[in-house]
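Participant: task: produce atomic coordinates for the following.
(one chain, ligands or ions: 2)
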Amino acid sequence: MNNINLQDDNEVLRFIKTENAEEMATLFEAAAALRSEYYQNDVYFRGLIEFSNYCKNDCYYCGIRRSNANAERYRLSSEQILQCCQMGEVLGYKTFVLQSGEDPYWTDDKIVETVRAIREKFPASAITLSLGEKSRESYQKYFDAGVNRYLLRHETANDEHYQKLHPASMSLAHRKECLFNLKEIGFQVGAGFMVGSPYQTPEHLLEDLRFIEKLQPHMVGIGPFIPQADTPFKDCSQGSLEQTLRMVALTRLLLPKALIPATTALGTINPEGREKALKAGANVIMPNLSPKAVRKLYALYDNKICTGEEAAECRVCVEGRIRRAGFVPSLSRGDFIDMQTTTQTALGSAPAQVAIDGAGAPSKTMHLRCEECQDSQAERAKVPEAVCG
Ligand code: 5AD
Ligand code: FES
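Facilitator: Ligands and ions are numbered 1, 2, ... in the order given. Next up is the predicted model:
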């Protein structure tokens with residue numbers, strides 16, 4: 001079990017840095033065991049809708065920063081977002097995550113109107129927003145409209161490091177204030193950070209852990225930094241798989257009940273990255289629900305996976321991967337364990353076959369339960385990693 005003294009900075013630092021295979025295995029096993037105590041081997045699905053890549057911010061690491069003149073900008077309409085949710089509903093998702101850059105077009109009124117429409121059409125679903133830094137009043141409006149969760153990664157908890165990753169107009173203090181406001185309002189809150197971002201030291205990562213210990217977020221998104229060709233950090237090296245996994249595991253040990261995604265960025269730097277994250281304590285997966293036509297444009301970093309797949313293909317692929325890795329895909333809302341409002345639903349209780357049609361969706365009938373579609377699973381296993389992530 002877990003013999004790591006988590007209060008001892010030196011010991012935690014040693015685990016942040018360790019390259020020793022045995023030590024890493026111990027760490028991952030302890031984290032996975034702790035995850036299982038609260039969430040068994042369930043992996044919760046969230047349908048991700050990236051609805052605008054316009055952004056007024058200029059973070060040095062990000063491919064959709066406003067100074068990137070090469071970024072082809074797009075914005076989905078409210079109707080298109082609802083169509084994505086409809087597709088998600090057909091695929092069985094009970095959580096929709098609406099993510100965008102900080103796009104001034106999407107005023108609070110427009111967000112609230114869209115959220116209300118989703119809430120009305122999909123009353124049983126959780127709604128998550130990830131729109132960046134807003135005023136407390138704005139967050140309150142979203143909450144009152146029916147939003148349940150909000151994701152805002154702090155990116156790094158060290159002030160000096162934060163300044164090296166962001167223009168002077170942005171501050172870590174403000175980001176932290178946003179996170180504490182979100183918690184006070186009553187959202188399930190997701191913080192998070194990149195691993196291996198330029199200028200980052202192991203001590204910074206220790207600060208990230210100490211910060212999440214203090215904030216006690218319900219979710220923590222952890223992914224490797226990956227350079228994007230049109231950013232000032234284009235020549236920097238990417239974060240390492242192992243260090244990212246160690247941070248996932250340490251986060252699990254510090255926050256046993258947290259919902260921790262196996263991030264797309266991890267799947268991008270390693271074909272098995274997301275499965276490895278699950279084995280190191282993660283328990284959430286966020287397949288992409290955005291229309292295929294715009295997926296490549298939400299290019300935060302280079303070589304992002306799942307940009308060539310239809311939502312249904314991604315769903316089947318992710319589900320197969322999770323099962324093959326020994327986990328149980330779950331289509332319940334996947335609320336934080338102390339804030340659960342509905343009973344858990346294992347994926348096995350989803351309809352065996354779902355006819356998928358409607359805007360942008362495949363018109364054929366697809367088998368979505370992998371017990372029912374061994375052939376398609378076998379076919380999937382043959383798909384080259386580069387195609388399927
Ligand atoms: N590499 C990895 N992650 C990135 N993000 C933005 N740019 C990059 C990059 N180059 C992450 C940030 C942000 C989230 C939406 O995507 O952590 O919060
Ligand atoms: Fe999305 Fe494989 S996970 S296509």
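Participant: residues of stretch 257-272 that come out buried?
Facilitator: 257-271 (16 or more other C-beta atoms under 10 Å). No exception for glycine: its C-beta is placed from N, CA and C like everyone else's.
Participant: start to end distance for it?
Facilitator: Stretch 257-272 has its terminal residues 24 Å apart, counting by C-alpha to C-alpha, to the nearest Å.
Participant: does that stretch come close to ligand 2?
Facilitator: No. Applying C-beta under 6 Å from any ligand atom, one finds stretch 257-272 out of contact with ligand 2, separated by at least 6.9 Å.
Participant: is ligand 1 within reach of that stretch?
Facilitator: Yes. For stretch 257-272, a contact with ligand 1 is found by C-beta under 6 Å from any ligand atom, at residue 265.
Participant: what residues does the stretch 151-300 of the chain put near ligand 1?
Facilitator: 153, 155, 194, 223, 225, 226, 228, 265, 300.
Participant: so what's the residue count around the second one?
Facilitator: A count of neighbours around residue 155, defined by other C-beta atoms under 10 Å, yields 22.
Participant: for the residue found closest to it once you drop the neighbours it is linked to in the chain, list each beta-bridge partner.
Facilitator: Of all residues not flanking residue 155 in the chain, residue 193 sits nearest, at 5.7 Å (C-beta to C-beta, 6 or more residues apart in numbering). Here residue 193 sits in beta bridges with residue 155, residue 222, going by DSSP bridges.
Participant: am I right that residue 193 is in contact with residue 222?
Facilitator: Yes. Between residue 193 and residue 222 there is a contact at 6.3 Å, judged by C-beta atoms under 8 Å.
Participant: mind listing the shared neighbours of the two?
Facilitator: Taking C-beta atoms under 8 Å, 6 or more residues apart in numbering as the contact rule, residue 193 and residue 222 both touch residue 247.
Participant: out of the buried residues of stretch 257-272, who's nearest ligand 2?
Facilitator: residue 267 (6.9 Å; C-beta to the nearest ligand atom).
Participant: neighbours of the closest residue to ligand 2 within the stretch 151-300 of the chain, how many?
Facilitator: For the stretch 151-300 of the chain, the residue closest to ligand 2 is residue 287, as judged by C-beta to the nearest ligand atom, at 5.7 Å. For residue 287, the count of nearby residues is 23 (other C-beta under 10 Å).
Participant: what sits against it?
Facilitator: 45, 46, 47, 48, 306, 311, 314, 315, 318.
Participant: so how far is residue 311 from residue 130?
Facilitator: As for residue 130, its distance to residue 311 is 18 Å (criterion: C-beta to C-beta, to the nearest Å).
Participant: same question for residue 255.
Facilitator: From residue 255 to residue 311 the distance is 30 Å (C-beta to C-beta).
Participant: compare the two (neighbour count), which wins?
Facilitator: Legend: neighbour count by other C-beta under 10 Å for residue 255 and residue 311, higher for residue 311 (28 against 21).
Participant: mind listing what the more buried one touches?
Facilitator: So residue 311 contacts 47, 84, 87, 88, 91, 287, 288, 289, 290, 292, 361 (C-beta under 8 Å, 6+ apart).
Participant: out of these, list just those in strands.
Facilitator: Within the contacts of residue 311, residues falling in strands by DSSP state E are residue 47.
Participant: picking up where we left off before, residue 193 and residue 222: who's more crowded?
Facilitator: Remark: of residue 193 and residue 222, residue 222 carries more neighbours, 30 against 26, as counted by other C-beta under 10 Å.
Participant: thought that one was touching residue 195?
Facilitator: Yes. Using C-beta under 8 Å, residue 222 is in contact with residue 195, at 6.4 Å.
Participant: mutual contacts of these two, please.
Facilitator: 244, 247.
Participant: for the helix or strand harbouring residue 26, C-alpha coordinates in CSV please.
Facilitator: Per DSSP states H and E, residue 26 falls inside helix 21-39. The C-alpha trace of helix 21-39 is given here as CSV (Å, rounded to 0.1, in the frame of the first residue of the first chain):
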residue,chain,number,x,y,z
ALA,A,21,11.1,1.4,-12.5
GLU,A,22,10.3,-0.4,-9.3
GLU,A,23,9.6,2.9,-7.4
MET,A,24,7.4,4.1,-10.2
ALA,A,25,5.5,0.8,-10.3
THR,A,26,4.9,1.1,-6.5
LEU,A,27,3.6,4.6,-7.0
PHE,A,28,1.2,3.7,-9.8
GLU,A,29,-0.1,0.6,-8.0
ALA,A,30,-0.8,2.6,-4.8
ALA,A,31,-2.6,5.3,-6.8
ALA,A,32,-4.7,2.8,-8.7
ALA,A,33,-5.6,0.9,-5.5
LEU,A,34,-6.8,4.2,-3.9
ARG,A,35,-8.8,5.1,-7.0
SER,A,36,-10.5,1.7,-6.9
GLU,A,37,-11.5,2.2,-3.2
TYR,A,38,-13.8,5.0,-4.2
TYR,A,39,-14.6,4.5,-7.9
